[in-house]
Every structure is written in structure tokens, then in C-alpha cells.
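Novice: Sequence and computational prediction follow.
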Amino acid sequence: MYLIKILDAQPKSLSFLLSICLASIIGLIDYYIPSDISVSIFYLFPVGIATWLAGNCTGLLISIICSITWFMVNPRAASYYSHFLVPYWNTIVNLAFFLFTNYLLSELKSTLKNLEKLARTDALTGLTNRMFFLDLAKHEINKAVRHQETLTFAYIDIDNFKQVNDQFGHSVGDQLLCLVADVAKSTLRKIDIIARIGGDEFAILLPRTSYESAEVVLHRVQRLLLASMKQQGFSVTFSIGAITFNEPPDSVSDMIEKADSLMYFAKKQGKNMLQHESSVSLQDAS
């Protein structure tokens, strides 16, 4: 498994060359061993490597190469077969077997990728889900520790969202959530992380972002969200609790808890507010 991960990170051309080398080695072995011993099944190794690591088209090409190799290294007199077309038929059968394996592996890899994406993604909004966000946040905290970088975390709650659901139905509420996700995501950098971590609650993690920069970003997010809600006729606002750590927080849960408390403080102050603090450590921020 570890070897596959290493190979998967390499260029596709390297996987193609590896498959060609394997097919050549198997072909040489097939040529020199007695003719009554079949090793055709071993051609599945280069086919499998090419398909899994380099893609379906490369696997298709290697399947054809392996079939031709098998045909060329198994020359037998015509009298050996009951009919002169038998070796051609056997080659076609081998090719069909290789192609079927290529198809199965392609479908398996595609299914696994989709399952992995579903496990990491919120089904409604397409954002990162809570579980995957916790993993990403932990990784970012570790990076901040190594490089001594600032880190800003924001917790966003949609004010009066329940009223939208009650008045217009859950389908309209879902549209609102998707709109919030799209607008907020469009304002952020590629290195920033946004996730839906509750029914109407979103989290934004801004790596390498100072208090002043985060203040600008979060005000812009709030402003654009309010404008998009007004344009669509939604009477909702946004309460945001945010904290900038000049030194990395002790844990993800502590980071979330602090931002969550700031968000609820913003709600108590009248909603539609950004409550943003700067903290050297969680202990100082408490």
C-alpha cells in the first residue's frame, strides 16, 4: 500500500515506463520457459500498474502491448494447433481478459475516489464537511507550529435561518445554504479552508493571516454575503466570531470553542456582527 502511494505520486510517464519494463521482462521469461507452461496471467501486473497509476487509456495501450508480446513470444508450428487461427483466437482472448481487467480497475479506482470525496464533502454545499475539516485544521495548526505563523479561525452562523425554513420550506433553505457556500468560497484564497460544520454554521480557516488581514477578509465576506442575500430576497444576516492566533492554538477543539463563544457573543450584541479577537494563546484569550 505504501509503495502504491509512492508510485501514485510519480509522473504518469514513469508508470508507463515501469509497465513497459515489466511487460518486457515477463515476455522474456515467457519466451525461454517451456511452451507448455503458461504465464499469461502475469501480464496483468503491467496492465494493472498502468491502469491504476496512469489511467484507463494507458492501461488500454499496455493491454494491447502485452497481447502482442504474448503472441510474438509464443511461436509454434502450425501443426501444433488444430486450426491455424487458434493462436490468433488465443491472442484475442488474452486481450479481452486484459481489457476487462483494465475496465474493472478503472471503475474500482473511480468508485474509491468518489467514496473518498463523499467522505470529505458536505453533500448539500460541496464544501469540506466537519470531519475532514477537523483533520485539515489539525494539519494547519501543526504547520503553524513548525513555521511560527499566525492563524485565523472564523465561525459563521446565519441569523434567522430557521425563519426561512419555516416560511419557505427546507428546499429554499437549502438554496440559501448553497448560496452562502458559493459566495464565501469565491472570496477566499486557495490555501484558505471553508467548511460547513453544522446546519447553518460555517467555519473558515485562514492560514498565515494576521489580525489586520483577517479583519479585511472577514468584513469582505460578510459584506458580500449580505449583498447576495439581499439580492435573492433572503432576510438573513451573519454573526461571525473570529480569533487570530499569533501563536498556534493548543488544539482544534479549543480553537473552535473560542471562536464559537465569540460568535454567540456577537449574536447577543444584536446579531449581524463580526466579533474578532487576537490571542497569543488560548489561555490569554479566555
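Specialist: Received it, and whenever you're ready, just let me know what you need.
Novice: need the contact list for residue 91.
Specialist: Counting by Cβ atoms under 8 Å, 6 or more residues apart in numbering, residue 91 makes contact with 67, 68, 70, 71. Heads up, the C-betas are built off the backbone N, CA and C, glycines and all.
Novice: how much space is there between it and residue 184?
Specialist: 57 Å (Cβ to Cβ, to the nearest Å).
Novice: Pretty sure residue 87 sits against residue 70.
Specialist: No: applying Cβ atoms under 8 Å as the test, residue 87 and residue 70 come out as separate, 9.8 Å apart.
Novice: Settle it for me: which of these two has more neighbours?
Specialist: residue 70 (23 against 17; other Cβ atoms under 10 Å).
Novice: what residues does the helix or strand harbouring residue 68 touch?
Specialist: Element membership of residue 68, judged by DSSP states H and E, is helix 56-72. For helix 56-72, contacts defined as Cβ under 8 Å, 6+ apart pick out 12, 15-16, 19-20, 23-24, 26-27, 30, 40, 43, 46-48, 50-52, 87-88, 91-92, 94-95, 98-99, 101-103, 105-106.
Novice: pLDDT averaged over the following helix or strand past that helix - what is it?
Specialist: Counting by DSSP H and E, the next helix or strand C-terminal to helix 56-72 is helix 86-120. Averaging pLDDT along helix 86-120 gives 91.
Novice: try stretch 186-198
Specialist: Stretch 186-198 comes out with an average pLDDT of 95.
Novice: Name the residues that touch that stretch?
Specialist: Stretch 186-198 is contacted from outside by 122, 124-125, 127-130, 132-133, 136-137, 140, 177, 181, 184-185, 202-208, 217, 220-221, 224, 256, using Cβ under 8 Å, 6+ apart.
Novice: try it again with 6 Å
Specialist: 122, 125, 127-128, 130, 133, 136, 184-185, 202-207, 220-221, 224 (Cβ atoms under 6 Å, 6 or more residues apart in numbering).
Novice: Sort out for me which of those residues are in strands.
Specialist: Using DSSP state E, the members of the contacts of stretch 186-198 that fall within strands are 202, 203, 204, 205, 206, 207.
Novice: Out of the residues you listed, which comes closest to residue 271?
Specialist: Nearest to residue 271 among the ones in strands among the contacts of stretch 186-198: residue 202, at 15.6 Å, using Cβ to Cβ.
Novice: So what's the residue count around the closest one?
Specialist: 27.
Novice: out of everything not next to it in sequence, what's closest to it?
Specialist: Leaving aside its chain neighbours, residue 202 sits nearest to residue 156 (4.3 Å; criterion: Cβ to Cβ, 6 or more residues apart in numbering).
Novice: about what we covered before: write the PyMOL selection for whichever of the contacts of residue 91 are buried.
Specialist: In PyMOL, this line selects whichever of the contacts of residue 91 come out buried by 16 or more other Cβ atoms under 10 Å:
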select buried, resi 67+70+71
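Novice: Grab the two from the contacts of residue 91 that are most spread out in space.
Specialist: Using Cβ to Cβ, the contacts of residue 91 span at most 7.3 Å, a distance reached by 68 and 70.
Novice: how about the closest residue to residue 128 other than its chain neighbours, secondary structure?
Specialist: Leaving out its chain neighbours, the residue that sits closest to residue 128 by Cβ to Cβ, 6+ apart is residue 195, at 4.0 Å. With DSSP: H, G, I helix; E, B strand; the rest coil as the basis, residue 195 sits in strand.
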